[in-house]
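In: below are the sequence and a predicted model; questions follow.
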Amino acid sequence: MSLFGRIFLLNALVLVVAAALLVFSPVTVSTPALLGEIVVVAAGLVAMLVANAVLIRVGLAPLDRLTRAMTTIDLLKPGPRLTAKGHGEIAELITTFNAMIDRLEAERGFSSARALSAQEAERRRVAQELHDEVGQSLTVVLLELKRVADQAPAHMRAELRQVQETTRGTLDEIRRIARRLRPGVLEELGLVSALKALTAEITTGLTVTKRFAKDLPELDAETELVVYRVAQEGLTNTVRHADASTVDLALSRHPNGVELRIRDDGRGIGDAEEGAGIRGMRERALLVGAEVGVTALARGTEVRLVVPSR
């Protein structure tokens, strides 16, 4: 039955009951109406309105659940779908809404995969250019500066040595940026070695505790890259925003696969809205069917990533 038909029948039922009571009950209305008669009619009218409101509310209850779901749903946090309760058009509407969410999540996942794939390709290209072109050019400059310094007068050598050190520092910084753009250690030595190198490079000045299980299940290259990028984003946020003194990074076996945990003792995220960094972690996790949780602790923040093994 259509929604219109259900509402019409509910109202018709109330009116039929009211008409039956009016016909078969001993209540009469004189002219002019007496006070007692007015009270009886008013009470009957109130009863009709209340009954009508209750019946319509019961009939439209599934729409209230659908409205709440529409206002709270987040495509980056997949959850259980609404049960298609109700009759006729209401159940069909809920089913259509669930199908629309499934389609939107699939399309978003496909678009995110393409965007992140293009981003990784661009990172590799930039890292390669920094390493091969800029890095080699600065290496040539260093060699030329050494040659000039060796032949320069004594009073100029100190200044040339200072320029050498500045150039060497710039070269080291470029290499560091290239490594962050393209984690060569991940491709060559694996996830655990890449995470060790990442913590050593990013968390300068922090007390870092690293725990890596030895019985980790094997992950494919795409999943390892997701774990690495989530760890990179989590550690970067800790260094830049948390004002923490210690950070704990753990990679362990999970019943569903592998679990990554990053916990710090910083000031936490409080009630702040999720920024681009956290939403980026969620998007990456969805690519491999993983789940990301960011929890505010009594002291600090915990990032938890669970990735399924293949």
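Out: That came through fine.
In: tell me the confidence at residue 23?
Out: Per-residue pLDDT puts residue 23 at 66.
In: any weak-confidence spans in the stretch 151-300 of the chain?
Out: Along the stretch 151-300 of the chain, the model assigns pLDDT under 70 to residues 270-273.
In: how about residue 217, what does it touch?
Out: 253, 257, 258, 309 (Cβ atoms under 8 Å, 6 or more residues apart in numbering). In short, each C-beta sits where N, CA and C put it, glycine included.
In: most neighbours among these, which one is it?
Out: residue 258 (23 neighbours; other Cβ atoms under 10 Å).
In: circling back: just the ones of the contacts of residue 217 in strands?
Out: Using DSSP state E, the members of these that fall within strands are 253, 257, 258.
In: pretty sure the second one contacts residue 289?
Out: This points to residue 257. No: taking Cβ atoms under 8 Å as the definition, residue 257 is not a contact partner of residue 289, at 9.3 Å.
In: on that earlier part again, return the member of the contacts of residue 217 nearest to residue 179.
Out: Comparing those against residue 179 with Cβ to Cβ picks out residue 258 as the nearest, at 23.2 Å.
In: bridging residues for the closest one?
Out: Counting by DSSP bridges, residue 258 forms beta bridges with residue 253, residue 307.
In: tell me, what's touching residue 257 and residue 289 both at once?
Out: In the contact map built from Cβ under 8 Å, 6+ apart, the residues linked to both residue 257 and residue 289 are 307, 308.
In: would you turn the contacts of residue 217 into CSV with distance to residue 203?
Out: Rendered in CSV, the data for the contacts of residue 217 read as follows (distance: Cβ to Cβ, whole Å):
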residue, distance to residue 203
253, 24
257, 25
258, 21
309, 27
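In: quick check, nearest of those to residue 16?
Out: Of all the contacts of residue 217, the one with the least separation from residue 16 (Cβ to Cβ) is residue 257, at 61.5 Å.
In: tell me who's in contact with the closest one.
Out: Listed by Cβ under 8 Å, 6+ apart, the contact partners of residue 257 are 217, 219, 306, 307, 308, 309.
In: can you pull out the helices in the stretch 201-310 of the chain?
Out: With DSSP state H, counting those that start in this stretch as the criterion, the stretch 201-310 of the chain has helices at 221-237, 276-287.
In: for the first one, packing partners?
Out: Secondary-structure packing of helix 221-237 (3 or more Cβ pairs under 8 Å, 6 or more residues apart in numbering; DSSP states H and E): helix 184-189, helix 191-202, strand 246-254, strand 257-264, helix 276-287, strand 301-308.
In: one more: the last one?
Out: Helices and strands touching helix 276-287, as assessed by 3+ Cβ pairs under 8 Å, 6+ apart, comprise helix 89-129, helix 221-237, strand 291-296, strand 301-308.
In: and the pLDDT at residue 66?
Out: Residue 66 carries a pLDDT value of 73.
In: that one - how many residues pack around it?
Out: Neighbourhood size, residue 66 [other Cβ under 10 Å]: 17.
In: doesn't it lie inside a helix?
Out: Yes: using DSSP: H, G, I helix; E, B strand; the rest coil, the assignment for residue 66 is a helix.
In: measure it to residue 10 for me?
Out: Distance, residue 66 to residue 10, using Cβ to Cβ, to the nearest Å: 19 Å.
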